[in-house]
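S.K.: give the three-dimensional model of this entry:
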Amino acid sequence: MNRLTIRRINELNVLREVFNQTPTSRADVAKNLGLTKSTVYNIFTQLSNDNLVYDIGQGNSTRSGGRKPILTNFNAQAGYTINAKINSTTISCMSNWLDGSIIDRQEFPIEGKEASQQLLALYQAIKLLKLDNNLSGISVAIGGVVKNNRVVNALNHDLANYDLVQILQSRFNVPVLIENESNLAALAIRDFSSRTIKSAAALSLTDRVGVGLIIDGELYSGFNSEAGEIGQAKFLGLGNNLPISLEEVGSDQAVLNQLEKLKNKRVVVADILRWYDLGDEEAMNILKNFQKSLTIILQNILLLFDPEKVVLSSKILRAIPDILVEVKQQLNQIMSHPLDLELADNADNDNLLGGCALITRKILDLPTAELNFKRRIMPLTN
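M.R.: You can find the predicted model right below:
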């Protein structure tokens, strides 16, 4: 290993330490990393020149006395990222400082269902959310399979015909990463949690059915980047005489589609809740199959991967939590330990925060480092 390589490793380790421990001092960083003070001081000078750290004043001296240390912060506002998600009818968009703090969050409509219209709405959303020339990177979450930073397939099949990364890079001149929405939700569980998470599953039931997996602290996407595409699995006994995929009965959108067909009108989640409270027979039958599908999915996730935590994204489950309560009761008969199942407060936010973590790691050149991001709202300073 040559001296330049060692120097770069030391620089990245110092940056990681400041990112996670901010505010900190040069002496503490040197002690924690086992580096000489002169090495750390030189690296701090370089990081300061790159606008990644700044001094905030003196800390307290040790019990033995001596000079008070100079405290240093990671400069989260050295740049910002824009993180988007392509939904069926909208573009969800969030801007974040480099520590993950949220600057802004907005929803933009898509005028039409063609992939070209989705891309136009995505471009316009990013442009409207763009603050200034300090934009450092962009992430995009999609419902589908992404391999080598390209869409392989998606809910809108035509989207795979476009080089999304090249399109955005040519217009905004910053790094662009795209990823499956469930994978990004899994990254959000790991990187924005208050405790260390080594094993987790993010189950998305909104537009489709997909699972993002964290195994041994790393995102697992499989050989063909198709790990977690459990919605494609087909089963008998889900309301049809022929095998039917879990995605056709087990997603929020599937429930909405089935009820719209039966009721012959547009249906929203509030309608489903009302029919559930009234015991509407058609709605109850469809929700029964939705519950069966969820039980099958969670049973397979829990038995195959034994995650320490599962976070579910579903507007229907949030509106009707009794469904998840019944599912838990069924699963408790199978599992030998308590289950850590929780509903995401906002499904899209987890996708966007995961995208923020992914692109920020690329910007900082810390793709595999353990980083502690901040789940907080920080308004733009004047």
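S.K.: now do the helices in the stretch 101-250 of the chain.
M.R.: Assigned helices in the stretch 101-250 of the chain, in chain order: 115-129, 164-172, 181-191 (criterion: DSSP state H, counting those that start in this stretch).
S.K.: need those in a markdown table (columns: mean neighbour count, distance to Gln291 and mean pLDDT).
M.R.: (Glycine included, C-beta is placed from N, CA and C.) Listed next are the helices of the stretch 101-250 of the chain as a markdown table, based on neighbours: other Cβ atoms under 10 Å; distance: least, Cβ to Cβ, whole Å; pLDDT from 0 to 100:
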| stretch | mean neighbour count | distance to Gln291 | mean pLDDT |
| --- | --- | --- | --- |
| helix 115-129 | 18 | 32 | 94 |
| helix 164-172 | 16 | 35 | 95 |
| helix 181-191 | 28 | 20 | 95 |
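S.K.: for Met284, find the nearest of those.
M.R.: Go through the helices of the stretch 101-250 of the chain one by one with Cβ to Cβ and the one that ends up closest to Met284 is helix 181-191, at 28.1 Å.
S.K.: run through who's touching that closest one.
M.R.: 85, 100, 139, 141-143, 146, 197, 200-204, 210-214, 217, 219, 221, 228, 309, 311, 313, 344, 347, 350-355, 357-358, 371-373 (Cβ atoms under 8 Å, 6 or more residues apart in numbering).
S.K.: try 6 Å
M.R.: 141, 143, 197, 200, 202, 204, 210-212, 214, 219, 228, 311, 350-351, 353-355, 357-358, 373 (Cβ atoms under 6 Å, 6 or more residues apart in numbering).
S.K.: residue ranges with poor pLDDT in this protein?
M.R.: By pLDDT under 70, the weakly predicted segments of the chain are 1-4, 59-67, 378-382.
S.K.: on that earlier part again, any chance of the helices of the stretch 101-250 of the chain in JSON lines, plus distance to Gly239?
M.R.: Listed next are the helices of the stretch 101-250 of the chain as JSON lines, based on distance: least, Cβ to Cβ, whole Å:
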{"stretch": "helix 115-129", "distance to Gly239": "31"}
{"stretch": "helix 164-172", "distance to Gly239": "36"}
{"stretch": "helix 181-191", "distance to Gly239": "24"}
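S.K.: for those, which one sits closest to Glu247?
M.R.: Closest to Glu247 of these is helix 181-191 (Cβ to Cβ; 12.5 Å).
S.K.: could I get the CA-only coordinates of that closest one as CSV?
M.R.: Extracted as CSV, the C-alpha positions of helix 181-191 are listed here (Å, rounded to 0.1, in the frame of the first residue of the first chain):
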residue,chain,number,x,y,z
GLU,A,181,-37.8,2.1,-3.5
SER,A,182,-37.8,-0.8,-1.0
ASN,A,183,-34.0,-1.0,-1.0
LEU,A,184,-33.8,2.7,-0.1
ALA,A,185,-36.4,2.3,2.7
ALA,A,186,-34.1,-0.4,4.1
LEU,A,187,-31.2,2.0,4.0
ALA,A,188,-33.2,4.6,5.8
ILE,A,189,-33.9,2.0,8.6
ARG,A,190,-30.2,1.4,8.9
ASP,A,191,-28.8,4.9,8.5
